[in-house]
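Participant: I need the structure of the sequence given here:
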Amino acid sequence: MLAFSFKFDKIYIALFCICCVISIAGCRQEKKAKKQDQEKSKAIKEWNKTIPGNFSAEQNRFLDSMEIDSFINKYPLFQAYAASIREFYDGRNLAYAWYADNRLIEQAGNLADRVKNLKNEGISQETPYRNILDSLLYAKAAGTPDVKLELMLTANYFVFAKLAWEGMDPAISKSSQWYLPRKKMSYASYLDSLISAPQKASKTAAPVYRQYDLLKQHLSHYRDLQKEDPSWTPITSTVKSYKPGDSSVPIAAVKQRLFKLGDFKGDTLSYVYDEALETATKQFQSRHGLPADGAIGKGTLDEMNVPLTNRIRQILVNMERCRWLPVHMDSVYLGVNIPEFKLHVYHSDSLLWSCNVVVGQSVHRTVIFSGDMKYVVFSPYWNVPESIVRNEIMPAMKRNPGYIKSHKMEITGYNGGIPNVRQKPGPQNSLGLVKFLFPNSYNIYLHDSPAKSLFNESSRAFSHGCIRVGEPFKLAAFLLQNYDNWDEQKIKSSMNRGVEQYVTLKHKIPVFIAYFTAFTDRKNLLNFRKDIYSRDDALAKMLIED
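Facilitator: As a prediction, this is how the structure comes out:
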């Protein structure tokens, strides 16, 4: 009997332990589930913050669509932005955007400041009804969100976005022969990001090409210079040029000018051309596309004497051009800046390397456009354009019957009495040893050139419109770096074989041919270049008149 009782006690204890374990596990499971629910709820709240339309805590206040219509009717100068305003509020189910806990959010003040200081964006005009916006902001009262102020802020945002970030109408850019694709983006969606992330709003980059903000900084500096020294008295000299070791009164004036422009850091009262001035002069010359030889001659003084008003106009024009470009690229691409005479190779907007190029003469202007590079052509033929055949080769053939043969050319047929001429591959070929094709209606491409000395000139507008590349082998090697069997030896061999060979790129490489006469370099130094195609003045007049 005792044995049976002992066995029963053991069974009871075991069952009791099992129940305890189950109970404890159940409690733990319940706590775990509760914790998961809490985390899930928190995650949902965080996710909701990113949903378009959830811009502030003022979700219990909503607009009436009739209020938007009434506002636009009352302020007709906002009519052009009516669709954007409606799109913005439709995306947030008509909830207020600029209020939280019955108070204006910080971004409202930030927007008002930028609207008030549009001049800092290089814009000479004001947004409509700015005085009304100022009055509404001045009269705002806590606890009473104002529908008129809410809509006035939103309308001013879209006007600001148009003026400062989008720029002039595409018809104007096309009239200036700018055929690069214009930037496309939703400014309503961008407003989402500004309002929904208060901590990030002040750090969020403006939706413009990166050069815009850099030029904007220099614009402020040049305007300050103009206030300090409005006359910008020209520096004159009777000496052909100054070199290190020379001593003269104008040298002190040069030092003072370069100090104001940020190039010189030394003693501005000394008349001696010292080492510090030589370093500053070379930097100034490089920034202005001059030979950086340190000699202060007429060309260098001419650039120093350009009125500040002209430089400010130049900055404004190029800020406008920045508004037109895509904000950024996520791939490898090539960029040619015509006035700079440079080819730049980028990866995701990071500059990899650059080289000199030769662009079209003023009578054979290189077109501002973009395309996709598809082919590398080694040992190319040059199919001479009909205009060159008619205007240059045919007259040369009349003067010299042996012209075609001596220039390694051949006639492949006739078209309306005009011969079809092509130049054979080889070192004399006008395209050099390799060309880079991105098919386009302008018949423009990149290519090598036998005239190597032209790449050493400071001004390099000599071609018939195509772009001659100073380092063609480096470009070919870069484009084919991930291709099997295309090592340096094979590339060099193909360039010199004398037999035309096409290589199709696996991935198209975007090419942008642009026109910037003011830009910043990798050291954030402001650069100016001559307006070789006279495109700045007309755009500047439209900017100032508008």
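
Participant: Note down every partner strand of the strand ranked longest in the chain and its orientation.
Facilitator: Longest strand in the chain by number of residues (criterion: DSSP state E): strand 501-514. Here strand 501-514 is paired, per DSSP bridges, with strand 332-337 (parallel), strand 369-378 (antiparallel).

Participant: my guess is Pro307 meets Thr233, correct?
Facilitator: No: taking contacts as Cβ atoms under 8 Å, Pro307 lies outside contact range of Thr233: 10.4 Å. C-betas here are computed from N, CA, C, even on glycine.

Participant: how about the strands of the stretch 1-150 of the chain, start to end?
Facilitator: 99-100, 103-104 (DSSP state E, counting those that start in this stretch).

Participant: Tell me which of the ones you listed sits most buried.
Facilitator: strand 99-100 (a mean of 21; mean count of other Cβ atoms under 10 Å).

Participant: on contacts alone, who are the packing partners of that one?
Facilitator: Contacting strand 99-100 under the criterion 3 or more Cβ pairs under 8 Å, 6 or more residues apart in numbering; DSSP states H and E is no other helix or strand.

Participant: Determine how far it lies from the middle of the whole chain.
Facilitator: Centre-to-centre, strand 99-100 and its host chain are 34 Å apart (Cα atoms, centre = their mean, to the nearest Å).

Participant: Quick check: mean pLDDT of it?
Facilitator: Here strand 99-100 scores 89 as its mean pLDDT.

Participant: partner strands of it, parallel or antiparallel?
Facilitator: strand 103-104 (antiparallel).

Participant: what comes into contact with the partner strand?
Facilitator: For strand 103-104, the external contacting residues (Cβ atoms under 8 Å, 6 or more residues apart in numbering) are 98, 137, 140, 142, 149.

Participant: what bits of the chain have low per-residue confidence?
Facilitator: 1-60, 141-143, 197-204, 545-546 (pLDDT under 70).

Participant: if you set the cut-off to 50 instead, what comes out?
Facilitator: 1-55, 57-58, 201 (pLDDT under 50).

Participant: list the contacts for the most centrally placed residue in it?
Facilitator: Taking Cα atoms, centre = their mean as the criterion, Tyr209 is the residue nearest the geometric centre of the chain, at 3.1 Å. Applying Cβ under 8 Å, 6+ apart, we find Tyr209 in contact with 183, 322-323, 325-328.

Participant: just the buried members of those residues?
Facilitator: Buried subset of the contacts of Tyr209 (neighbour count, 16 or more other Cβ atoms under 10 Å): 183, 322-323, 325-327.

Participant: Pull the contacting residues for Gln285.
Facilitator: 291-294, 300.

Participant: could you measure it against Lys452, distance?
Facilitator: 23 Å (Cβ to Cβ, to the nearest Å).

Participant: Could you do Thr154 as well?
Facilitator: For Thr154, the distance to Lys452 - Cβ to Cβ - is 58 Å.

Participant: now swap in Glu121 and tell me
Facilitator: For Glu121, the distance to Lys452 - Cβ to Cβ - is 44 Å.

Participant: The longest strand of the chain: which residues count as buried?
Facilitator: Quick answer for strand 501-514 (16+ other Cβ under 10 Å): 503, 505, 509-514.

Participant: again, but for stretch 125-145
Facilitator: 127-130, 133, 136-137, 145.

Participant: what do you get for stretch 411-420?
Facilitator: Quick answer for stretch 411-420 (16+ other Cβ under 10 Å): Pro419.

Participant: got the contacts of Tyr209 as JSON lines, with secondary structure columns?
Facilitator: Below are those laid out as JSON lines (DSSP: H, G, I helix; E, B strand; the rest coil):
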{"residue": "Lys183", "secondary structure": "coil"}
{"residue": "Cys322", "secondary structure": "helix"}
{"residue": "Arg323", "secondary structure": "helix"}
{"residue": "Leu325", "secondary structure": "coil"}
{"residue": "Pro326", "secondary structure": "coil"}
{"residue": "Val327", "secondary structure": "coil"}
{"residue": "His328", "secondary structure": "coil"}
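
Participant: of all those residues, which comes closest to Gly371?
Facilitator: Using Cβ to Cβ, Pro326 comes nearest to Gly371 of these, at 14.4 Å.

Participant: Wait, the closest one touches Val208, no?
Facilitator: No: judged on Cβ under 8 Å, Pro326 makes no contact with Val208 at a distance of 9.9 Å.

Participant: Quickly list what's touching both of these two.
Facilitator: The contact lists of Pro326 and Val208 share Lys183, where a contact means Cβ under 8 Å, 6+ apart.

Participant: what separates Glu275 from Ile251, distance-wise?
Facilitator: The gap separating Glu275 from Ile251 is 13 Å, by Cβ to Cβ.

Participant: what's the answer for Ala83, then?
Facilitator: Taking Cβ to Cβ as the measure, Ala83 falls 61 Å from Ile251.

Participant: One more: Lys140?
Facilitator: Counting by Cβ to Cβ - Lys140 and Ile251 are separated by 58 Å.

Participant: And for Tyr375?
Facilitator: If you go by Cβ to Cβ, the gap between Tyr375 and Ile251 works out to 54 Å.

Participant: out of the two, which sits in the busier spot?
Facilitator: Set Tyr375 next to Ile251 and count neighbours by other Cβ atoms under 10 Å: Ile251 wins out with 21 against 16.

Participant: Now do the same for the more buried one: helix, strand or coil?
Facilitator: helix.

Participant: Contact partners for it?
Facilitator: 242, 270-273, 277, 296.

Participant: Taking those together, which two end up most distant?
Facilitator: It's Ser270 and Ile296 that sit farthest apart of the contacts of Ile251, by Cβ to Cβ, at 14.5 Å.

Participant: These two: which has the busier surroundings?
Facilitator: Ile296 (29 against 14).

Participant: Spatially nearest residue to the more buried one (excluding sequence neighbours)?
Facilitator: Leaving out its chain neighbours, the residue that sits closest to Ile296 by Cβ to Cβ, 6 or more residues apart in numbering is Tyr242, at 4.2 Å.
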